[in-house]
Each structure stands twice: as structure tokens, then as C-alpha cells.
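S.K.: Fold the stuff below for me.
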Amino acid sequence: MAATRRDNRVTFVQNFTCTAVAGITARTVISPLDVAKVLMQVGTRDTHEGVLKTFNNVYNAQGIRAFWKGNFMGCLRLAPFSAIQFSAFHKVKQHLVDDSGRMSPMHAMLAGSLAGMVATVLTYPTDMVKTRLIVQNAQRKRYKGVTHAFSLIMKEEGLLAFYRGMFVSLIGSLPYTMVTFAAYETLDQVWNKPRYMYTPMQSLFNGCVAAAIAQLACYPFDTIRKKLQAQSPVIKDGGGVDVHFRGAIAAARATHRRYGYKGFWRGITPNLCKIVPYAGIMFMTFEALKRSMLYHNGYTVSVFDDTPKPGIDQTMQRSELEAWRKRHT
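M.R.: Presented below is the predicted three-dimensional model:
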């Protein structure tokens, strides 16, 4: 999504909490789409007849709870990934700002890309485990939960197993960032006004369109990554992966031999379908939580709207407002 200026009326911890809860809520709601997308990328046997048939097959074979496989791991991953990405971005930013403290668009893109890479490397095992939990059959579980998955993979496959597909992920992150950046720049010309003047709906629209374009362009990297994560020499049928390979290049060749180029975009439909609801739910949840924080901090008259409290300067930070209150009580 487009970067937005943080509201100084809420603290960093409050803002981070709102973002984390909003992300967890949105991720949980769209989990069925994510499960279908991953299963189609990996190529499990119940996914070869299209998206709707995939949903039907999963439901009939594994039950409704199967659509939330790996969701707990995905939610756990959100907070550390965001925190690491945020910290890395500001560390890199210190070396790229000019004398006025600003970054050029290209430097901002570079900082964002590097921060994403750092966060990916440090949290990659959680993503790999999430994939394994999604791919396993919910009625015949190999992994009983998150901790059991970590311990069993370590015991049977070793530490390096947690990093299968990471190199592909890092390679794909650069073009993804570049395409996203180019999409935002193009959309800026459509609105013909500075980004800080966008309405929330314009920012939401831009974020969804940019994400859709970038994911369409870079989806093959993600498909190969998921196949590498799911494949295992110790699991029956190789982890459910539809092609046999050793390494990323072999995986790409095997995928092309079986499906042609369209094989690299298997699962793209549920992936694109989740962009708008994810962004919308995250936006609405964040705004609702933020309104409650503003009311708690004493800036507004109700948790249900943004009506300012009479006599309160809305430009003051929370610490300044508390100091002002002490002087006037």
C-alpha cells in the first residue's frame, strides 16, 4: 500500500498495535483464498480442475477448517516481519537521505527493497512452515501444529530445509518492488496531485492496483518458491508437489514441461481475488481501531466517528496534550 504519514495523535505502540490487529483480521478473513492459491501453486492432486473445483475438493476431503490451515503461523509472522522491515528501512534510510532529511523516489524504492529482503531472510522459516501446514491434509496431519512442524522438519530435514526457495524469493523481490514503484508513479499521473493529498479511497485504489500489477508480473517467482518449500524427500508423494526436481531452475523447467507457461501462474485467480478484500478489511479495521485510540487519548468525542473534542488542538502530539491538560487542571 502507499506509504502514509503517521498520525501524531496516536503513539508508535498504538499505531503498531492497530496495524498488527488489522493485518491479522484481514489475513484470517482471506485465508481460504490463500490456501487455494498455495495448493494450486504446489499442484496438489485436488487442484487440477480449476479454482471452484479446488475449493469443493478441499471442503469435501478435509472439511471447512482446512481453509484456515497455516493461518496461525501466517498471523504470527506478521508482527516480526513488519517490525524488522520497519527497523531495517529506517536504518537504510539514514544513509540515503539528503541534507534536508528527504529521500529521492529511487532511494525510497531501494530502501524499501532492502528492508523487505532483510525481513524476508530473518522470518523465512515461518513462511516455509506455513506452506507445509497448508499443503498437508487436515485429516491426516503430519504436523500437529507450529512447534511440532518446526521440530520435525529440523529433525528429519535439517536447518537448511527452512530456507528452501529463499534465494528465489530474494531475486523476485527486486522486480516486485520495481513494478510496484512504476505502477504507483503511473497512478500518480492519473490523479495529477501529490500523494499526500490523496483521499483514503484513492490510496486504497492505488495500493490494490499496484499490488495486482506487481503480483501478475512476478508471480512465477512465488510459484517456484512454494514448490521448493513444499517439496520434501521424507514426505510421501514428495510433499504433494506436482513435478519432480532438484533446485529452482529444475523446478521451473519441470513446471514448463508439464503445463507450459501458464503453469507459472497457477493460483493467480484466488491470489488476485484476495487483494481488494484484504486491503479493504485491513483499512476498515485499522481506522476503527485508530478511532478508539483517538477517543482514548482524548482527541475525539466518540469511538464511532472522528468529531474533534471541543477546545483540543488536534495538531498536538499525545505527550503535548497530556502536558497541556496538566497545566489546565
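S.K.: Phi first, then psi, for the residue lying closest to K93 once chain neighbours are set aside.
M.R.: Nearest residue to K93, sequence neighbours excluded (C-beta to C-beta, 6 or more residues apart in numbering): A111, at 5.3 Å. For glycine as for every other residue, the C-beta is placed from the backbone atoms N, C-alpha and C. For A111, the backbone dihedrals are phi -60, psi -40 (criterion: degrees, to the nearest 10).
S.K.: Next one: A111 relative to H95, how far apart?
M.R.: 9 Å (C-beta to C-beta, to the nearest Å).
S.K.: Looking at these two, which one has more neighbours?
M.R.: Neighbours were counted for A111 and for H95 using other C-beta atoms under 10 Å; A111 has more, 21 against 8.
S.K.: Now do the strands in this structure.
M.R.: Taking DSSP state E, the chain contains no strands at all.
S.K.: Low-confidence bits of this protein, can you list those?
M.R.: By pLDDT under 70, the low-scoring segments of the chain are 1-6, 196, 329.
S.K.: ranges for the helices of it?
M.R.: Assigned by DSSP state H, the helices in the chain fall at 12-29, 31-42, 51-62, 71-93, 105-135, 146-157, 166-191, 200-230, 248-259, 268-273, 275-297, 318-327.
S.K.: Which among the ones you listed is found nearest to T307?
M.R.: For T307, the closest of the helices of the chain is helix 275-297, at 10.0 Å, according to C-beta to C-beta.
S.K.: Report the buried residues of the closest one.
M.R.: For helix 275-297, the neighbour count (16 or more other C-beta atoms under 10 Å) marks 275-276, 278-279, 281-283, 285-286, 289-291, 293-295, 297 as buried.
S.K.: Specify which member of those residues is nearest to K53.
M.R.: Closest to K53, out of all of these and judged by C-beta to C-beta, is I275, at 22.2 Å.
S.K.: Show the contacting residues for the closest residue to F181 other than its chain neighbours.
M.R.: Nearest residue to F181, sequence neighbours excluded (C-beta to C-beta, 6+ apart): M109, at 4.6 Å. Listed by C-beta atoms under 8 Å, 6 or more residues apart in numbering, the contact set of M109 reads 177-178, 181.
S.K.: F72 - how many residues pack around it?
M.R.: F72: 16 surrounding residues under other C-beta under 10 Å.
S.K.: So V301 sits against I312, correct?
M.R.: No: if you go by C-beta atoms under 8 Å, V301 and I312 don't touch, sitting 9.6 Å apart.
S.K.: Who has more neighbours out of those two?
M.R.: I312 (17 against 14).
S.K.: next one: phi and psi at the nearest residue to the more buried one once chain neighbours are set aside?
M.R.: Counting by C-beta to C-beta, 6+ apart, I312 lies nearest to Y299, which is 5.9 Å off, once chain neighbours are set aside. Backbone torsions of Y299, given as degrees, to the nearest 10, read phi -90, psi -30.
S.K.: again, but for the one 4 residues further on
M.R.: Geometry field for V303 lists phi and psi as phi -80, psi -10, criterion degrees, to the nearest 10.
S.K.: Then the one 4 residues further on?
M.R.: Here the main-chain torsion angles of T307 (degrees, to the nearest 10) amount to phi -60, psi 120.
S.K.: Quick check: the closest residue to it other than its chain neighbours vs A20, distance?
M.R.: In space, and not counting its chain neighbours, T307 is closest to V301: 5.0 Å by C-beta to C-beta, 6+ apart. Look at V301 and A20: by C-beta to C-beta, they are 27 Å apart.
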